[in-house]
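Enquirer: Take a look and give me a structure for this.
(one chain, ligands or ions: 1)
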Amino acid sequence: MKTSKLLILILLTTAGISAAFAEPAQKAPSAAALNRTISVTLPDSEQVFPPGAGAEIANSQCMICHSAGMVTRQPPLRFGEWTAEINKMRTAYGAPMPAEQVEELAKYLTAIKGKQ
Ligand code: HEC
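Expert: Now for the predicted structure:
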């Protein structure tokens with residue numbers, strides 16, 4: 001009888017000590033917090049290149065890695081400079097554009113964003 005009382009006392013004391021040292025329980029996020037809908041407004045960007053002869057090449061080849069705006073927001077370039085720019089995309093960055101389309105695309109880019 002005495003032994004069992006002592007045992008219970010020890011058990012209760014141990015439980016009390018471990019409860020006192022236990023980490024505060026992490027509060028799991030509620031289902032409502034996980035399922036809430038947020039709305040963001042992204043900055044406007046041009047979805048496609050402006051229409052014109054060669055625009056389909058630009059739309060299919062020049063938006064694989066970046067936006068149309070990356071091209072149209074550049075300062076105007078001469079035909080030879082656009083040609084060099086397109087070839088830089090092909091050789092330095094690996095744009096998979098066929099060589100035979102370079103001239104038509106350079107003419108298009110000069111038409112939409114060229115200088116004399
Ligand atoms: C394989 C990926 C890839 C493709 C396809 C691609 N570009 Fe780029 N382009 C890049 C990278 C990378 C940059 C540099 C981005 C930076 O500096 O943050 C870049 C930047 C540019 C710039 C900004 C000036 C510069 O030289 O950094 C222009 C203009 C440009 N590209 C034109 C084109 C045109 C025109 C085409 C279509 C033939 C094209 N790109 C296709 C990867 C690509």
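Enquirer: hang on, residue 68 packs against residue 47?
Expert: Yes - in terms of CB atoms under 8 Å, residue 68 counts as a neighbour of residue 47; the distance is 7.1 Å. (Each C-beta comes from the backbone N, C-alpha and C, glycine too.)
Enquirer: who has more neighbours, the two?
Expert: residue 68 (18 against 10; other CB atoms under 10 Å).
Enquirer: what ranges of the protein fall below the confidence cut-off?
Expert: 1-25, 42-46 (pLDDT under 70).
Enquirer: Show me which residues of it sit near the ligand.
Expert: 61-62, 64-66, 70-71, 74, 85-86, 88-89, 93-95, 97, 105 (CB under 6 Å from any ligand atom).
Enquirer: Please indicate which of those are buried?
Expert: Buried subset of the residues of the chain next to the ligand (neighbour count, 16 or more other CB atoms under 10 Å): 61-62, 71, 85-86, 89, 97, 105.
Enquirer: what's the closest of those to the ligand?
Expert: Set against the ligand, the nearest of those by CB to the nearest ligand atom is residue 62 (2.9 Å).
Enquirer: Hmm, that closest one is touching residue 49, no?
Expert: Yes - taking CB under 8 Å as the definition, residue 62 is a contact partner of residue 49 at 7.3 Å.
Enquirer: For these two, list the residues in contact with both.
Expert: Common contacts of residue 62 and residue 49 (CB atoms under 8 Å, 6 or more residues apart in numbering): 68, 71.
Enquirer: How about residue 93, nearest residue that isn't a chain neighbour?
Expert: Nearest non-adjacent residue to residue 93, counting by CB to CB, 6 or more residues apart in numbering: residue 65, 6.8 Å away.
Enquirer: Could you look up the SS state of that neighbour?
Expert: coil (DSSP: H, G, I helix; E, B strand; the rest coil).
Enquirer: my guess is residue 96 meets residue 64, correct?
Expert: Yes - using CB under 8 Å, residue 96 is in contact with residue 64, at 7.4 Å.
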